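[1] fold the following and give me the result.
(one chain, ligands or ions: 1)
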Amino acid sequence: MTGLTRYPSNDALASHLHNLPDLKSLFAADPKRGETFSLSAAGLTLDYSKNHLTSETLALFEKLAEEAGLGDKIQAMFSGALINHTEGRAVLHTALRGSVDDSVISEGSQVAQEVAATLARMARFVEAIYSGQLLGFTGKAITDVVSIGIGGSFLGPKIVTEALKPFWQHKVKVHYVANIDGAALSGKLADLDPQTTLFITASKSFGTQETLTNSESARDWLKAAGADFSDLAKHFVAVTANVPKAEAFGISADNCFPMWDWVGGRYSLWSAIGLPIALAIGMDNFKALLGGANAMDQHFKTAPLKQNMPMLLALTGIAYINYFGATSHVLLPYDHGLRALPGYVQQLDMESNGKSCHNDASAIEHLTGPVIWGAEGTNGQHAFHQLLHQGKQLIPADFILPLTSHYPLGRHHAMLASNCFAQSQALMEGKSLDKAKQELAANGLGEAEIAKLAPHKVMPGNRPSNTLLMDSVSPATLGALIALYEHKVLVQGIFWDLNSFDQWGVELGKVLGNEVLSRLEDDSALLDLDSSTNALIARFRALAAKRREG
Ligand SMILES: O=P(O)(O)OC[C@H]1O[C@H](O)[C@H](O)[C@@H](O)[C@@H]1O
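    Residues are numbered from 1 along each chain as shown. Next up is the predicted model:
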């Protein structure tokens, strides 16, 4: 079965896509192709001309969008409908950056007021830290803030903080700890002073094993340094939707910043989960980040499909996934600050659209969310680009490049940019057998050698990519970039008719993890799991027992 057979225009789209000329021919036929298939919005420019498409493809995409009810379904999100129906929740992360339909506010919901109040509270907290007003248990000013969180309560804040290093205010140092591996927290604490360190427990549920355990160990570290229970208020705040659990841990309600069930974890960097970002870059820059995302929201809501950046990214992706069997998509930020972006989009996309069940509970019979991966350029060129150029799989790529650098250094940025542009060109053009032969002949090789070597130097080309440009990485352009990927994921989920906003697959791992833990920590617990897991547990227990003995 090819494509998305539920839609009447599927067959026309499938046959159209499979009969398109190759990319080189498309470029040869239209000298203006690069311009025609480029657009700018919210401080970003997308060149999508190196994709397998023509204006007829866009018209077919439009038909498919009508058949999928795309417009209404997007509207449903912005208007606060319970589109996360398996959890009975609205999806309103866009409200955190002021993009919400009037109906959401006028229907009596307090969404907008709560968002504004939380932003004001964040601003007061940032100011209190910056001014040295917040003191630790021995009366010294707070110098370091460690955000303890994982998944959506970590990846977004971490990548934004890293990417916006040129905007750091240097009033307080911001750190992140996510992994349950003791190396993460121990490594961090080794360099910090308990008297001047404040922890943010960032957990929507306040029930995530890693975050709670790391927070408990941080609390023990403070106690070991002489802090007593009442001192904890000076060293711990939480961002959570579960205040009673935070209180049970020892963080008073006064020290809890709110989260809401209408914000999914992987969409939460715009909320108080972004507090460490605000501490690093200052509140004005944090608001500029929200502003950039808002600009992308407005573009997404209003631009027609043919000029709509998230929709075009989504639909070209669907063409490769559902009509050509692509199972992965690579993100190639040519910017050292954006090096963690692929990891961020990995959670955003794979946790949202890694699903096998349609909204009506029927089984999905086509591919859904791809594997998202990637690394910063040019590093990746010396690692995995070989497979992009000559491997057997179709892997669409997004190249991302700021046109200027915050770190002007000789010819570095021109070299970075030239590599970025040359890679997408090489993927598209490839190298023919004739060309490979000519090059070898020009190097003086004989016919027999040329015949042996030339096929190894052939690059099929015709490999698609998008190029995303911005003038520079700034709070506003980064906000727009992240919102762009959020909306791409939403649109793909709508075409696949799945719920992009739950994550039941993650839950299973958590439950089984606890079942194994109880057997690891109790030598007398029955080993009643499968024989492989039993043997692994037995090995762990045996070494732990040996270590205990001596
Ligand atoms: O913020 P928390 O409730 O601690 O959740 C942290 C993370 O937990 C799970 O792994 C979910 O799959 C993520 O979406 C979530 O972001």
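[2] what's the helix or strand harbouring residue 275 packed up against?
    Per DSSP states H and E, residue 275 falls inside helix 275-281. Helix 275-281 sits against helix 111-130, strand 144-148, helix 155-163, strand 173-177, strand 197-202, helix 283-302, with contacts defined as 3 or more C-beta pairs under 8 Å, 6 or more residues apart in numbering; DSSP states H and E. C-beta here means a position set from N, CA and C on the backbone, and glycine is covered the same way.
[3] which one of those is the most hemmed in?
    Neighbour counts (mean count of other C-beta atoms under 10 Å) averaged over each of those peak at strand 197-202, with a mean of 26.
[4] report whether whichever helix or strand comes after that strand contacts the ligand.
    Scanning forward in sequence from strand 197-202 by DSSP H and E, the next helix or strand is helix 209-224. Yes. Residues of helix 209-224 contacting the ligand under C-beta under 6 Å from any ligand atom: residue 211.
[5] hey, C-alpha coordinates of helix 209-224 in PDB?
    In PDB, the C-alpha atoms belonging to helix 209-224 read as follows (Å, rounded to 0.1, in the frame of the first residue of the first chain):
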ATOM      1  CA  GLN A 209      12.100   8.900  39.100                       C
ATOM      2  CA  GLU A 210      15.300  10.600  37.800                       C
ATOM      3  CA  THR A 211      14.200  14.100  38.800                       C
ATOM      4  CA  LEU A 212      13.000  13.100  42.300                       C
ATOM      5  CA  THR A 213      16.100  11.000  43.100                       C
ATOM      6  CA  ASN A 214      18.500  13.700  41.800                       C
ATOM      7  CA  SER A 215      16.500  16.300  43.900                       C
ATOM      8  CA  GLU A 216      16.700  14.100  47.000                       C
ATOM      9  CA  SER A 217      20.400  13.700  46.600                       C
ATOM     10  CA  ALA A 218      20.800  17.500  46.100                       C
ATOM     11  CA  ARG A 219      18.800  17.900  49.300                       C
ATOM     12  CA  ASP A 220      21.100  15.500  51.100                       C
ATOM     13  CA  TRP A 221      24.100  17.400  49.800                       C
ATOM     14  CA  LEU A 222      22.700  20.600  51.300                       C
ATOM     15  CA  LYS A 223      22.000  18.900  54.600                       C
ATOM     16  CA  ALA A 224      25.500  17.400  54.800                       C
END
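[6] state the next helix or strand along the chain beyond it.
    Helix 209-224 is succeeded, C-terminally, by strand 236-240 (DSSP H and E).
[7] contacts for that following strand next, please.
    With contacts defined as C-beta atoms under 8 Å, 6 or more residues apart in numbering, strand 236-240 is touched by 125, 149, 153, 198-206, 215, 218-219, 246, 249-251, 255-259, 271-273, 275.
[8] if any of these are buried, put those into a PyMOL selection.
    Of the contacts of strand 236-240, the buried ones can be selected in PyMOL as follows, counting by 16 or more other C-beta atoms under 10 Å:
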select buried, resi 125+149+153+198+199+200+201+202+203+204+206+215+218+219+246+249+250+251+255+256+257+258+259+271+272+273+275
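[9] which residue, other than its chain neighbours, is closest to residue 86?
    Nearest non-adjacent residue to residue 86, counting by C-beta to C-beta, 6 or more residues apart in numbering: residue 502, 4.6 Å away.
[10] likewise for residue 294?
    residue 97 (4.4 Å).
[11] next, count neighbours for the one you found.
    Neighbourhood size, residue 97 [other C-beta atoms under 10 Å]: 22.
[12] send me whichever helix in the chain runs longest as CSV with only the CA atoms.
    If you go by DSSP state H, the chain has its longest helix at helix 475-496. C-alpha atoms of helix 475-496 as CSV (Å, rounded to 0.1, in the frame of the first residue of the first chain):
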residue,chain,number,x,y,z
PRO,A,475,16.1,34.8,21.1
ALA,A,476,13.5,35.8,18.4
THR,A,477,14.9,33.6,15.6
LEU,A,478,15.4,30.7,17.9
GLY,A,479,11.9,31.0,19.2
ALA,A,480,10.6,31.0,15.6
LEU,A,481,12.8,28.0,14.7
ILE,A,482,11.5,25.8,17.6
ALA,A,483,7.9,26.8,17.0
LEU,A,484,8.4,25.9,13.3
TYR,A,485,9.3,22.3,14.3
GLU,A,486,6.5,22.2,16.8
HIS,A,487,4.0,23.0,14.1
LYS,A,488,5.6,20.7,11.5
VAL,A,489,5.0,17.9,14.0
LEU,A,490,1.4,18.9,14.6
VAL,A,491,0.7,19.0,10.8
GLN,A,492,2.2,15.6,10.2
GLY,A,493,0.2,14.2,13.1
ILE,A,494,-3.0,15.6,11.6
PHE,A,495,-2.3,14.0,8.2
TRP,A,496,-1.6,10.7,10.0
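[13] counting contacts, what elements does that helix pack onto?
    Using 3+ C-beta pairs under 8 Å, 6+ apart: helix 475-496 touches strand 44-47, helix 55-68, helix 70-78, helix 155-163, helix 283-302, helix 309-318, helix 341-353, strand 465-470.
[14] and the next element down the chain from that helix?
    Next along from helix 475-496, by DSSP H and E: helix 504-520.
[15] run the chain-centre distance for that next one.
    24 Å (C-alpha atoms, centre = their mean, to the nearest Å).
[16] could you dump it to PDB, C-alpha only?
    The C-alpha trace of helix 504-520 is given here as PDB (Å, rounded to 0.1, in the frame of the first residue of the first chain):
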ATOM      1  CA  TRP A 504       2.000   5.900  26.500                       C
ATOM      2  CA  GLY A 505       5.100   4.200  25.200                       C
ATOM      3  CA  VAL A 506       7.300   6.000  27.700                       C
ATOM      4  CA  GLU A 507       5.000   5.000  30.500                       C
ATOM      5  CA  LEU A 508       5.600   1.300  30.000                       C
ATOM      6  CA  GLY A 509       9.400   1.800  30.400                       C
ATOM      7  CA  LYS A 510       8.800   3.600  33.700                       C
ATOM      8  CA  VAL A 511       6.600   0.800  35.100                       C
ATOM      9  CA  LEU A 512       9.000  -2.000  34.100                       C
ATOM     10  CA  GLY A 513      12.000   0.000  35.300                       C
ATOM     11  CA  ASN A 514      10.500   0.000  38.800                       C
ATOM     12  CA  GLU A 515       9.700  -3.700  38.700                       C
ATOM     13  CA  VAL A 516      13.300  -4.400  37.900                       C
ATOM     14  CA  LEU A 517      14.600  -2.000  40.500                       C
ATOM     15  CA  SER A 518      12.700  -3.700  43.300                       C
ATOM     16  CA  ARG A 519      14.500  -7.000  42.200                       C
ATOM     17  CA  LEU A 520      17.900  -5.400  41.900                       C
END
